[in-house]
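Q: Return a 3D structure for these sequence lines:
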Amino acid sequence: MVGFLDSRKKLYLKKQVRSNNEQLWNYLPPMYIFVFIKENTMKKYLKYTKNFYFLFTLFFIVWMVFIDSNDIFTQFKLGSKIRELEKQKEFYQDRKAKILADREELMSNYELLEKFARERYLMKRESEDLYVVVEE
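A: Numbers count the residues shown, from 1 in each chain. The predicted structure is shown next:
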């Protein structure tokens, strides 16, 4: 059986030189067709792997994407951290604006300042007594 397949392969290879590929597929079993296709595609890809510029470019891409300290995964992590910090920045800027508005209001109105000091810091006048009621 092996000799029969080898003779078919030899016949196929001889006919490959002098005839077109459409007629040759009938002479080989499917296994040899797959091997032939695989060998042709491998030769096509091996042609590129011998090129210095292709190898260097491939090495450079692999290095930049996976190995370098600024690889793509680190860039994604840093990008998400930047977005999170920008949200915090907006929050603190809004809070700062609110505090500045409250401060400006307190500094402009003495009665409001006194009320704020009494409620927040438990301040009192000398003639007053202060009682703090804590609800539980």
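Q: now do the same end-to-end measure for stretch 117-128.
A: 14 Å (CA to CA, to the nearest Å).
Q: Give the rounded mean pLDDT of it.
A: Averaging pLDDT along stretch 117-128 gives 84.
Q: can you list contacts of it?
A: The contact list for stretch 117-128 (CB atoms under 8 Å, 6 or more residues apart in numbering) reads Leu130, Val132. Heads up, the C-betas are built off the backbone N, CA and C, glycines and all.
Q: try stretch 46-62
A: Here stretch 46-62 makes contact (CB under 8 Å, 6+ apart) with no residue beyond itself.
Q: Now do the SS call for Ser127.
A: Here Ser127 is coil, with the state taken from DSSP: H, G, I helix; E, B strand; the rest coil.
Q: before we move on, what about Met123?
A: Strictly by three-state DSSP, Met123 counts as coil.
Q: and Phe73, how many residues sit next to it?
A: For Phe73, the count of nearby residues is 9 (other CB atoms under 10 Å).
Q: and the gap between it and Val62?
A: Counting by CB to CB, to the nearest Å, the separation of Phe73 from Val62 is 14 Å.
Q: least trustworthy helix or strand in the protein by mean pLDDT?
A: Lowest on mean pLDDT, DSSP states H and E among the helices and strands of the chain sits helix 21-24, with a mean of 52.
Q: Mind splitting this structure into its structural domains?
A: Using automatic domain parsing, the domain parsing of the chain gives 1-50, 70-136.
Q: Now tell me which of the ones you listed the model trusts least on average.
A: Least confidently modelled of the domains of the chain is domain 1-50, at a mean of 57 by mean pLDDT.
Q: Output stretch 88-107 as PDB, nothing but the C-alphas.
A: The C-alpha coordinates for stretch 88-107 follow below in PDB (Å, rounded to 0.1, in the frame of the first residue of the first chain):
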ATOM      1  CA  GLN A  88     -12.000  62.600  42.100                       C
ATOM      2  CA  LYS A  89     -10.700  65.900  40.800                       C
ATOM      3  CA  GLU A  90     -14.100  67.000  39.700                       C
ATOM      4  CA  PHE A  91     -15.600  66.000  43.000                       C
ATOM      5  CA  TYR A  92     -13.000  68.000  45.000                       C
ATOM      6  CA  GLN A  93     -13.300  71.000  42.800                       C
ATOM      7  CA  ASP A  94     -17.100  71.000  43.300                       C
ATOM      8  CA  ARG A  95     -16.600  70.700  47.000                       C
ATOM      9  CA  LYS A  96     -14.000  73.500  47.000                       C
ATOM     10  CA  ALA A  97     -16.400  75.800  45.200                       C
ATOM     11  CA  LYS A  98     -19.200  75.000  47.700                       C
ATOM     12  CA  ILE A  99     -16.900  75.700  50.600                       C
ATOM     13  CA  LEU A 100     -15.700  79.000  49.100                       C
ATOM     14  CA  ALA A 101     -19.300  80.100  48.600                       C
ATOM     15  CA  ASP A 102     -20.200  79.200  52.100                       C
ATOM     16  CA  ARG A 103     -17.100  81.000  53.500                       C
ATOM     17  CA  GLU A 104     -18.000  84.100  51.400                       C
ATOM     18  CA  GLU A 105     -21.500  84.000  52.800                       C
ATOM     19  CA  LEU A 106     -20.300  83.600  56.400                       C
ATOM     20  CA  MET A 107     -17.800  86.400  56.100                       C
END
